[in-house]
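# build the 3D model from these lines:
(3 chains)
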Amino acid sequence: CGYHTMMPARGEFGRGGKTIEVSIFANRTYRPNIEAVITDSIIDELVRREGAQVVNSGGEIVLSGTVLSYGTAAVSYTATDTVKEYRATITTEATLRRVGDGKVLWKGIVSANTVFPANDDLVLQQNSEDDAIRAICRKLAQQIYLHTTEDF
Amino acid sequence: AFGQGDETGPIRIEADTLTHEAARDLVEASGNVRINGRGITLLSDQARLNTGSEEAEASGNVILMRDGDLLRAQRLKLNYQDETGEVDSGDAFIRKGNFHLRAARMIKAGPESYHVEHGSFTTCDGDTPSWKFSASDVDVTLGDYATGRNALFYLADVPVFYFPYLVFPVKRERQSGFLTPRGGNSSKKGFTFNLGYYWAISPSQDATITLDIQTKRGEGLGLDYRYLLTRGSEGSFRGYVIYDTTQQRFRGEVSQKHVQNFSDTLDLKSDINLVSDRNFYRDFAEQTGVYNQNSLESTLSLTKRFHRQVLSGEFRYMEDLRDNIADNSKTLQKLPTITLTGIRQQLGSLPLFLSYDSSFTNFYREDGIRGERLALQPTLTAYGKVDALELSAWAGYQERLYNAYGGDIGKGYHGVGLFTAGGTVSSTLARVYETGNAAMPRLRHVLIPEIRYNFVQDKNQETVPFFDYYDRVVHENRIVYSLTNYLTGKFVGSDGSSEYRDLLYLRLSQGYEFSGTRRDLLTLVDDRHPFTDVMLDAAAQPLKQLSLGLDARYNPYQSHFSTAGVSADFHDDDGNALGFGYRFARGEVNYLEGKAVVALVKPFTFTYTGRYSADLGDFLESSYALEYRHQCWSVTFSYRDRLDNREFFVNFALAGIGSLGSIRAF
Amino acid sequence: AQPLSGDRGGQPITIKSNELATDSKSRTATFSGNVTARQGDLTIYADRLTVYYLAKGGEVEKVEASGNVRVVQGDRLATAREGVYLNKEQKIVLTGEPKVFQGENAVSGKVITYYVNEQKSVVTGGADARVEAVIHPKEKGKDDGKKR
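As a prediction, the model looks like this:
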């Protein structure tokens, strides 16, 4: 039916192509550790598809980036005007670069968000917020992977 | 700068008559003289040009033009080389920022700086400006800012304000200068008057000082100070204090942010927010999300990044501002949390990756259970690929050690460990469609079907203290099947350049629980039946100006929606915008908010925002604003109706020198 | 051709041409055919040159040149369709799209009055022909880096 398995394109990394390395993202937000979650999610998305081509270091192609912003904003309120749900949003900038000549194969700003419930117990609300960050990072990782395959 | 034109290019002179004395390098021209050179055009009745010293002297209806800026004067002396000059009774127009500068005498001290004596200054066109500043002497540095002494502020021709000393911006990106007054009336605050003053201290520092008078509440003072340091370090401090006449005490808030980059991998960040009392925001704040915020957080974190690990320590102090609790003593604090996260890393050449999450947290609260928790969770993940099938499987062990005191259960030392495991089978299929549409010739559809299995060992954790949900990890034995779609269009610009834009993201998923309970921390509604709700998460951007969002959960057992969230956002290029957000969670919340900005009838812009609670059956808040934008000033009439407060404001802005800065007016 | 007296005013003016026609009644001498008239460092070329003498003493009162008039003096060059050289005032009035070049500088207009001794030229424009001058600033100030 015309559908084929996704072929990596930019910089021909993966499946017999060049090796790719994901370097740890920088983090410009006030929320620590987001860079670890996003980098880990991206490596999961890449290794799942490109297998052996993903290397810890010394890759011919490097995917790097920066977590530009993290923010939560109230999105729903109860009858007494108290917050019921927040929307967390993470924006990152990612760059795919060929190490040999330093050529930038792709660069873009990717953003994703998820809604999580407020909780009277603030520590439990942070558990929801942590889950929301993990869910957003999975979405961002998948979007970033797909951007690196755009060459149609 | 002046010399943008050809550095050593010729100077072209046209006139009715001209005398050229080559020996004395002198050219005298008279009769509609026009001199072109060095990017400058000079018109006058008479002109003398000494080609040796490159000095020109023009008199009689002198007009000097340079890349859009215009200077009219009776007499002008100008040195082409060092771009200094003198002007008598000059009238300068600076195109960027639309500044008009009139002066009895204007001395041009260099390429970018003027000294003006008995000058007046406005951004209004026309001979009778709606407002202007006059000053005995003004020093202007283009692209930076101007300082005036003995300045008077005129409305039409009436002097309204006197300033011994005034700083205002000239052709600056960062809008600064005199912030504009805002008057109004509010049921909570009585008559209010805010006056902000933006002070550009230096290219890397600026401050906004705000005076805030509220007849029912007293006088307040706000300071907003921002600074930039080397290596991307920066920070800001914002303080507001008011002597509350009704409560006979000082009230206010302090917020301090700082980012210190010691190196590329080591940084310190602080985001401190403190408030004098629990009801401060409800009494004084205006914006939604601020006046109805029920918690305030302060964090101080230090992070060190390694090649595959991130070590970070964070002190987080939380204030619970809900009005039905007396104080913050029961709020659990994390002072500190130290996490060491290991990013998945290949072991040798095997398709085997090790990752780990470890954290040490010191929980503290004045009364109630306190203690420390150490959690270690290594996970081993294996990957495989069988032509189109992407396989992954993981196994992990989670060990938690506690030392708690001050509570009833779980005192003393404890530990608990449990296994986790799981796997995924997925595929990433894509097809590119030829659309035959010139603007978007190709469309790619990516389809990602996935089946994910998750197992968490069922382990009794009642003897362990309960600080948060990580102390009661629920048993999971669940399979989740999902289908994710991405539609990406390839757009070709008129100049042949092509760009990719995501048009649609749509994910459908559902789970089945073989055994165990379930705790989904991302939803308000979950009946915990074996089949989870059918979950839809979609985002579409069919046009650059229009973006839509939809997330919903459909309960198959009761055949109704458990939750639904819809959002839409449209904006066009000339100021019109439409925003809409609906949030529904059965039995929990039913809420709608909308925003419309209508700029169809120039120069008026009407803005409406409304927040409607279906649970209440009424609007929580609605606000209306009408802005009239004159050529060089604008006035905004705004009315806000809140459950507990009604406010009306009139806000002036002088275009070009003090557009609405971000004064945090309360 | 023979030297003419004139003190340049006293220096002799030597004129060469293909033909010469004199008319003592009107006290004129008309040279025609690529005429060159030289007085010291000043040289006038033209298709036709008519010299007018004063009644007494035979001094040159004025010289009228027409047709491709070119006046050369040191690094100054003037071109026009007609030019009248007034010996006493030591100036040449050039008309007919006159232009004066001095090094890279150039001046043009409707009428240019060219002062032979003062390195000065006065240019007047008319309704149809505005005065134009293209001046290249002196090189001396450029290369010593004094500029900003």
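# show me where the chain has its strands.
Assuming you mean chain A. All strands of chain A, identified by DSSP state E, fall at A:4-5, A:20-22, A:26-27, A:54-55, A:61-77, A:83-98, A:104-117.
# the chain in question should be chain C.
C:14-16, C:19-23, C:28-39, C:42-53, C:60-73, C:76-86, C:91-95, C:99-102, C:105-108, C:111-115, C:120-124, C:131-135.
# and those strands as TSV, adding distance to residue B:131?
Glycine gets a C-beta too; all of them are placed from N, C-alpha and C. Compiled in TSV, the strands of chain C are given as follows (distance: least, Cβ to Cβ, whole Å):
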stretch	distance to residue B:131
strand C:14-16	75
strand C:19-23	81
strand C:28-39	70
strand C:42-53	65
strand C:60-73	62
strand C:76-86	57
strand C:91-95	57
strand C:99-102	53
strand C:105-108	49
strand C:111-115	53
strand C:120-124	48
strand C:131-135	44
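# returning to that earlier point: pick the most deeply packed of the strands of chain A.
Most buried of these by mean neighbour count (mean count of other Cβ atoms under 10 Å in any protein chain shown) is strand A:20-22; its value is a mean of 24.
# any chance of JSON lines for the strands of chain C, columns distance to residue B:257, mean neighbour count and mean pLDDT?
Formatted as JSON lines, the strands of chain C follow (distance: least, Cβ to Cβ, whole Å; neighbours: other Cβ atoms under 10 Å in any protein chain shown; pLDDT from 0 to 100):
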{"stretch": "strand C:14-16", "distance to residue B:257": "92", "mean neighbour count": "16", "mean pLDDT": "84"}
{"stretch": "strand C:19-23", "distance to residue B:257": "98", "mean neighbour count": "12", "mean pLDDT": "85"}
{"stretch": "strand C:28-39", "distance to residue B:257": "86", "mean neighbour count": "19", "mean pLDDT": "86"}
{"stretch": "strand C:42-53", "distance to residue B:257": "81", "mean neighbour count": "20", "mean pLDDT": "88"}
{"stretch": "strand C:60-73", "distance to residue B:257": "77", "mean neighbour count": "20", "mean pLDDT": "87"}
{"stretch": "strand C:76-86", "distance to residue B:257": "72", "mean neighbour count": "20", "mean pLDDT": "89"}
{"stretch": "strand C:91-95", "distance to residue B:257": "76", "mean neighbour count": "21", "mean pLDDT": "89"}
{"stretch": "strand C:99-102", "distance to residue B:257": "67", "mean neighbour count": "19", "mean pLDDT": "86"}
{"stretch": "strand C:105-108", "distance to residue B:257": "63", "mean neighbour count": "21", "mean pLDDT": "85"}
{"stretch": "strand C:111-115", "distance to residue B:257": "72", "mean neighbour count": "21", "mean pLDDT": "86"}
{"stretch": "strand C:120-124", "distance to residue B:257": "68", "mean neighbour count": "22", "mean pLDDT": "84"}
{"stretch": "strand C:131-135", "distance to residue B:257": "58", "mean neighbour count": "22", "mean pLDDT": "85"}
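# do you know which of those strands lies nearest residue B:84?
Taking Cβ to Cβ, strand C:131-135 is the member of the strands of chain C nearest to residue B:84, at 20.1 Å.
# partner strands of that closest one, with direction?
strand B:11-15 (antiparallel), strand C:105-108 (antiparallel) (DSSP bridges).
# can you put the strands of chain A in TSV and add mean pLDDT?
As requested, the strands of chain A are arranged in TSV below (pLDDT from 0 to 100):
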stretch	mean pLDDT
strand A:4-5	76
strand A:20-22	91
strand A:26-27	94
strand A:54-55	84
strand A:61-77	94
strand A:83-98	94
strand A:104-117	93
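# minimum distance to residue B:630: which of these has it?
strand A:61-77 (33.5 Å).
# near chain B at all, that closest one?
Yes - using Cβ under 8 Å from any Cβ of the partner chain, strand A:61-77 reaches chain B at A:73-77.
# hey, which helix is longest across chain A?
helix A:122-147 (DSSP state H).
# just checking, residue B:33 touches residue B:41?
No - using Cβ atoms under 8 Å, residue B:33 makes no contact with residue B:41, being 11.0 Å away.
# of the two, which one has the most company?
The neighbour comparison of residue B:33 against residue B:41 (other Cβ atoms under 10 Å in any protein chain shown) goes to residue B:33, with 29 against 16.
# how about the secondary structure of that one?
What DSSP: H, G, I helix; E, B strand; the rest coil gives for residue B:33 is strand.
# now do residue B:281
helix.
# and it, how far from chain A?
When distance is defined by Cβ to the nearest Cβ, to the nearest Å, residue B:281 is 12 Å away from chain A.
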